[in-house]
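Peer 1: Got a sequence here, can you model it:
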Amino acid sequence: MTAQPPPALEARNRALVEEAFARWSAGAGGPYDLLADDVSWTIVGRSDASRAYPSREAFMSEVIRPFNARMSQGLKPTIRQITTDGDKVIIFFDAAGVAKDGQPYQNTYAWFWELRDGRVVRAHAFYDAIAFNDLWRRVKP
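Peer 2: Down below sits the predicted model:
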């Protein structure tokens, strides 16, 4: 028989994610606050940013800061679903904002996180690479 993950761990992880997304939506922080310094964040697929990032700073400096620099109105997330399984959390969400050129940016994401002691230590991110690449190439930071 397989051991079931403790319900308290799943509830705690879900609450951390929900709180981080609420802060993000309010413009007062966000999910990246939960990243461990040595997080391994992999963007899956064929977008211009798809690869593995070996640390929080690498991911923030090579993806998130340049992305945000392309936006006049930052992304606001809308969670569709959160699924927990022990130390793993899957967040399925939409996010929309406005690029510096006045064009809307919308995308749908699925993030697969592994948490340890309330910090994200491993992440795999999936999104529409066509929408991302259009913004990334069209708008310069």
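
Peer 1: can you tell me the average pLDDT over the lengthiest strand in the chain?
Peer 2: As assigned by DSSP state E, the longest strand anywhere in the chain is strand 71-85. Across strand 71-85, the average pLDDT comes to 97.

Peer 1: what sits against the residue nearest to Lys140 when sequence neighbours are not counted?
Peer 2: Sequence neighbours aside, Arg70 is the residue nearest to Lys140 in space, at 7.4 Å (criterion: C-beta to C-beta, 6 or more residues apart in numbering). Placement of C-beta: from N, CA and C, glycine included. Arg70 makes contact with 99-100, 135-136, 139-141 under the criterion C-beta atoms under 8 Å, 6 or more residues apart in numbering.

Peer 1: For these, could you give me TSV that also reports secondary structure?
Peer 2: Output for those, formatted as TSV (DSSP: H, G, I helix; E, B strand; the rest coil):
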residue	secondary structure
Ala99	strand
Lys100	coil
Leu135	helix
Trp136	helix
Val139	coil
Lys140	coil
Pro141	coil
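
Peer 1: What is the neighbour count of Phe67?
Peer 2: Close neighbours of Phe67, defined as other C-beta atoms under 10 Å, add up to 20.

Peer 1: Next, it: secondary structure please.
Peer 2: helix.

Peer 1: how near is it to Ala95?
Peer 2: 11 Å (C-beta to C-beta, to the nearest Å).

Peer 1: Repeat that for Trp41.
Peer 2: 16 Å.
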